[in-house]
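Asker: okay, predicted coordinates and the sequence, questions at the end:
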Amino acid sequence: MKKYYIFKISLFLLFFSGFTLYCGKKGPLRLEPEILPLKVTDFKVTQTGENIKLKWAFPPTLSDGKSVFRTDNIKKVYIYYSKREVPALKFKRRSDLLLKISRNDLRSTDSIFRVEIPFDYKKLDKITHYFGLYYVYNKKKSQMSDIVKLSSFIPVKPISDLKIVNERKVNKLTWSRGLLDVLNNKVDSINGYNLYRKVISNDSPNEDKFILLNKSRIVKEYYEDRDIGKDGTYSYYISTIQSPGVFSKDSNTVSVSVKDLFPPDIPENLTVFKGNDFLVLSWENVRDKDLAFYRIFRRSGNSGQFSLTADKIEKNRYKDKNVKKGNKYFYYIISVDLNGNESDNSRISYEEF
């Protein structure tokens with residue numbers, strides 16, 4: 001009897017596998033994978049003053065790599081928090097729910113979503129925090145994001161004496177080094193400063209956003225902004241970098257009106273040398289931030305007037321092909337800035353072709 005049942009089961013399995021493999025003209029039956037929301041991977045956490053700031057970007061597509069992510073389909077975002085390190089797969093169970101945010105309460109700029117959470121000063125004193133988030137898209141949950149670590153501090157007092165002076169084509173900013181935290185305790189050290197600037201000019205009268213000006217941290221209480229080629233009002237504020245990811249609140253804001261009436265520097269070290277059927281001019285680049293282009297003037301022979309031979313040259317090199325054998329050519333150049341101010345003439349250089 002056992003053999004009979006085993007034989008029937010074997011026949012059934014053989015028939016079923018054959019049906020699965022060879023049923024229909026289009027091949028085996030396949031289940032389409034479920035399209036799910038992907039986890040957030042671009043997740044950052046910083047401290048500014050007593051506030052913890054979280055920002056992230058949602059993935060551009062769903063799990064199939066084709067379906068476009070639509071923010072209108074977000075139902076809720078859940079942010080979890082822990083004071084101890086926990087793997088992402090266990091983070092929800094072993095940490096605390098810090099915030100639950102509905103779609104209508106989410107705020108974004110250029111597809112970057114932001115949340116700011118005030119903390120008690122005592123909960124910031126040399127404490128390590130861990131944050132993670134997941135979200136509900138339609139009725140489906142994403143996985144927990146990458147877990148982000150932040151070591152916080154009682155914030156340093158913001159700078160209150162930022163000053164500015166304009167000298168020709170340079171805005172010079174100075175401030176005092178602050179080493180007290182908001183509870184008036186001495187801070188051991190700081191890591192530097194970030195400087196932010198906005199410009200309201202005739203070219204951009206509605207520009208109202210401050211942008212980070214320095215590419216690397218500023219380590220002294222002094223900064224020269226030489227990129228002031230536009231006429232307009234220049235405004236600045238500064239923030240102290242207490243440690244990586246930890247910043248003071250913003251300083252006082254200072255502003256100055258700039259009217260560029262000053263010419264750019266004179267091009268230096270103009271040289272001319274001979275090619276096969278042309279003359280080549282080269283010179284040192286003018287370092288003015290608002291440099292627009294160069295103008296080249298030429299004279300043929302030992303006498304006569306110089307005339308413009310090339311205009312709006314953006315590189316510090318020029319090939320003059322309009323030359324004839326046996327002639328001597330003299331050149332000088334000038335630099336022109338964005339406001340049309342012209343430098344004095346460079347020294348004259350010549351070459352016989």
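Answerer: Structure's in. What do you need?
Asker: pLDDT score for the most centrally placed residue in the chain?
Answerer: Centroid-nearest residue in the chain, with CA atoms, centre = their mean: Leu212, separated by 8.4 Å. Per-residue pLDDT puts Leu212 at 95.
Asker: wouldn't it be in contact with Tyr193 here?
Answerer: No: applying CB atoms under 8 Å as the test, Leu212 and Tyr193 come out as separate, 11.0 Å apart. Where you see a C-beta, it was placed from the backbone N, CA and C, and this is true even at glycine.
Asker: please list all residues in contact with the residue nearest to the centre of the chain.
Answerer: Listed by CB atoms under 8 Å, 6 or more residues apart in numbering, the contact set of Leu212 reads 194-196.
Asker: now with 7 Å?
Answerer: Taking CB atoms under 7 Å, 6 or more residues apart in numbering, we find Leu212 in contact with 194, 196.
Asker: pairing partners for it in the sheet, please.
Answerer: Tyr196 (DSSP bridges).
Asker: any idea how far Ser248 is from it?
Answerer: Taking CB to CB, to the nearest Å as the measure, Leu212 falls 15 Å from Ser248.
Asker: relative to Lys75, how far out is Glu32?
Answerer: Applying CB to CB to Glu32 and Lys75 gives a distance of 23 Å.
Asker: who has more neighbours out of those two?
Answerer: With neighbours defined as other CB atoms under 10 Å, Glu32 and Lys75 compare such that Lys75 has more, 13 against 6.
Asker: can you classify that one by secondary structure?
Answerer: Here Lys75 is recorded as strand under DSSP: H, G, I helix; E, B strand; the rest coil.
Asker: tell me how many other residues crowd Ser251.
Answerer: Count around Ser251 with other CB under 10 Å applied: 22.
Asker: can you give me the pLDDT of it?
Answerer: If you check Ser251, the pLDDT there is 97.
Asker: my read: Tyr135 touches Gln143, true?
Answerer: No: with contact defined as CB atoms under 7 Å, Tyr135 does not count as touching Gln143 (10.0 Å).
Asker: higher neighbour count, those two?
Answerer: Tyr135 (24 against 15).
Asker: once you drop chain neighbours, what's closest to that one?
Answerer: Val77 (4.6 Å; CB to CB, 6 or more residues apart in numbering).
Asker: who's the one you found bridged to?
Answerer: Ile101, Tyr135.
Asker: list the buried residues of stretch 49-67.
Answerer: Across stretch 49-67, burial judged by 16 or more other CB atoms under 10 Å covers 49-50, 52-59, 62-63.
Asker: what about that stretch, distance to the chain center?
Answerer: Distance, stretch centre to chain centre, for stretch 49-67: 17 Å (CA atoms, centre = their mean, to the nearest Å).
Asker: same question for stretch 340-350.
Answerer: Chain-centre distance of stretch 340-350: 37 Å, with CA atoms, centre = their mean.
Asker: and for that stretch, what's in contact with it?
Answerer: With CB under 7 Å, 6+ apart as the criterion, stretch 340-350 contacts 260, 262-268, 270-272, 283, 328-336.
Asker: quick one: buried ones out of the residues you listed?
Answerer: Buried among the contacts of stretch 340-350 (16+ other CB under 10 Å): 260, 263-267, 270, 272, 283, 329-336.
Asker: tell me the contacts of Lys274?
Answerer: 351, 353.
Asker: now do Asp146
Answerer: Counted by CB under 7 Å, 6+ apart, Asp146 has contacts 41, 43, 88.
Asker: reformat those residues as CSV; add neighbour count, distance to Thr128 and secondary structure.
Answerer: Listed next are those as CSV, based on neighbours: other CB atoms under 10 Å; distance: CB to CB, whole Å; DSSP: H, G, I helix; E, B strand; the rest coil:
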residue, neighbour count, distance to Thr128, secondary structure
Thr41, 11, 22, coil
Phe43, 19, 17, strand
Ala88, 14, 17, helix
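Asker: distance of Ser201 from Ser160?
Answerer: In this structure, Ser201 lies at 28 Å from Ser160, with CB to CB as the measure.
Asker: show me which of these two is the more surrounded one.
Answerer: Neighbours were counted for Ser201 and for Ser160 using other CB under 10 Å; Ser201 has more, 14 against 10.
Asker: which residues does the more buried one bridge with?
Answerer: Gly232.
Asker: isn't it up against Tyr234?
Answerer: No: judged on CB under 7 Å, Ser201 makes no contact with Tyr234 at a distance of 9.0 Å.
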